[in-house]
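# Please work out how this folds:
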Amino acid sequence: MGLKALTGDMLDRLTHDAARNARLRVNLNLHDNFQDPCQRLFNAIEPGSYIRPHRHSTPPRPETFLAVRGRLAVILFTPAGKLSEVIEISPGSTQVGVEIAVGEWHSILSLETGSIVFETKPGPYEPISDKDSAAWSPEENSPDAAAYLVDLEHRVGMTLARS
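Have a look, this model is predicted:
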């Protein structure tokens, strides 16, 4: 088929699925397979979802996020794990998306329920080497992850309140 319809109903289902997923996020791949040279996906992210800080450096890949629904904070970190930049993105605002340079430590937080980003990065997708997780951040589902996320949400909230 030469055309894929991207509908509001499809996004509604994605949000519904994310809210019920243990990770509080679900993605919908638009690419046909992981070997596609351009990975394209919708990522529904609910508040409370912990996306461990990471970077895409081996192989080197930039990553782009475009807000489709809701409000999200894209976070950049220093190599030591300090916040270096926080950008709020939302559709219809002055900042609707970002492109993250190769090798930048980053994460993304949902600031309201129903948030969805459209994400792209060069393929192919190789799960073993797709991203380097930050050693200074706890692993997802580890005992320290919940406390880290609460602290990160607080620091991001303070940063956004000042801007």
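
# switch to C-alpha atoms for all contacts and neighbour counts from now on
OK.

# Partner strands of the lowest-mean-pLDDT helix or strand in the chain, with direction?
Least confident helix or strand, the chain: strand 132-133 with a mean of 88, by mean pLDDT, DSSP states H and E. The strands beside strand 132-133 in its sheet (DSSP bridges) come out as strand 54-55 (antiparallel).

# Downstream of the least confident helix or strand of the chain, the next helix or strand is which one?
Per DSSP states H and E, strand 132-133 leads on to helix 145-162 as the next helix or strand towards the C-terminus.

# List the buried residues of that following helix.
Ala145, Ala146, Leu149, Leu152, Glu153, Val156 (16 or more other Cα atoms under 10 Å).

# what helix or strand does the residue nearest to the fifth one when sequence neighbours are not counted sit in?
Looking back up the chat, that one is Glu153. Nearest in space to Glu153, with sequence neighbours left out and distances taken as Cα to Cα, 6 or more residues apart in numbering, is Leu109 at 7.7 Å. Using DSSP H and E, Leu109 maps to strand 105-110.

# List the contacts of that strand.
Strand 105-110 is touched from outside by 45-55, 70-79, 134, 153, with contacts defined as Cα atoms under 8 Å, 6 or more residues apart in numbering.

# Report how many residues lie close to the residue nearest to Glu153.
Leu109 has 23 neighbouring residues, counting by other Cα atoms under 10 Å.

# Repeat that for the one 10 residues further on.
Glu119: 20 surrounding residues under other Cα under 10 Å.

# residue boundaries of the strands in the protein?
For the chain, the strands defined by DSSP state E occupy 25-29, 38-45, 54-55, 63-69, 72-77, 83-89, 97-100, 105-110, 115-122, 132-133.

# closest to Ala161 out of these?
Ranking the strands of the chain by proximity to Ala161 (Cα to Cα) places strand 83-89 first, at 10.8 Å.
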